[in-house]
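**Student:** fold the following, please.
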Amino acid sequence: MSELFFEKLTDVCHQLLLDNEGLMHYLRVRRGMTNKTIGAYKLGAFPEDLRDLYDEYDVDPVELREQNIVWNAEQSQFKLYPVVIPIRDVQGTPIAIGCRTLLNDDKRKEMGIPKYRNSTYKKTFHLFGLDKAIEAIRQKDKVFVVEGYFDVITAHQKGIFNVVASCGTIFSERQLIILSRYTNNICLLFDNDAPGHTSARKVMNKLAGFDSDINLTCKFTPEGYKDIDEYIMKGGDTALFGEERIDLNNVEIETLW
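**Tutor:** Predicted coordinates:
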């Protein structure tokens, strides 16, 4: 694969987003993204017509197939996932794309598809948003690991930059080692639902005692909010992230280890 493949694909999808009024409205109004944030993360749109990639923008179809993004000239599993989130390595170089469907949960379950779909890459080797979070992690000597891409983007937009996501996989030993290069204080911040609690137990049991110098803790989204993205968008208290002030009434924080 060309080193510039995902750089070019990210640029193409970003331009397609800027030309797509419907998706721009979704990101601005439904997700609360500013134009600055959309540009900083180079959010994009996956084309409805794959010929936009081949003919108009000259993206290599062979590389698209190798990355399992398209099946052939007319079919792609990503057509159901129009919102494109570039995934970058620690240097900020695009190495994959993560895409989100706009179908509601009932329709997704009926079709048997997940909320997100990613191009092929080694998930446990990376943490989403780490390239933008390193300096804040070092300054605050703490990092929060959340579950979703938009959890990270919304937190960063709010000015809470020491937040990363585990790239759609259960937080791994390798990811723990990566973060320990910048801080020994690592807090896993899970969704406060059954899957979130299950994931928390699995991770904390797996990593318990990994390194006595690492302070690994766990919190959950406050009751009444499905995830950190929603919590921040609805004015949730930033004290959850260790910021100054504010009353945390009825916010139950569970430490598992």
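
**Student:** quick one, what contacts residue 39?
**Tutor:** By CB atoms under 8 Å, 6 or more residues apart in numbering, the residues touching residue 39 are residue 14. Using the backbone N, CA and C atoms, a C-beta is placed for each residue, glycine as well.

**Student:** what strand or helix carries it?
**Tutor:** helix 35-40 (DSSP states H and E).

**Student:** low-scoring stretches of the stretch 151-257 of the chain, by residue?
**Tutor:** 211, 243-257 (pLDDT under 70).

**Student:** ok, for the residue nearest the centre of the chain, nearest residue in space, not its chain neighbours?
**Tutor:** Nearest to the geometric centre of the chain sits residue 149, at 1.7 Å (CA atoms, centre = their mean). Nearest residue to residue 149, sequence neighbours excluded (CB to CB, 6 or more residues apart in numbering): residue 85, at 4.7 Å.

**Student:** quick one: what helix or strand has the one you found in it?
**Tutor:** strand 83-88.

**Student:** the closest residue to residue 19 other than its chain neighbours: neighbour count?
**Tutor:** Using CB to CB, 6+ apart and skipping residues adjacent in sequence, the residue nearest residue 19 is residue 45, 8.0 Å away. By other CB atoms under 10 Å, the residues close to residue 45 number 24.

**Student:** now do the one 3 residues further on
**Tutor:** Neighbourhood size, residue 48 [other CB under 10 Å]: 11.

**Student:** pLDDT on stretch 59-68, on average?
**Tutor:** Averaging pLDDT along stretch 59-68 gives 90.
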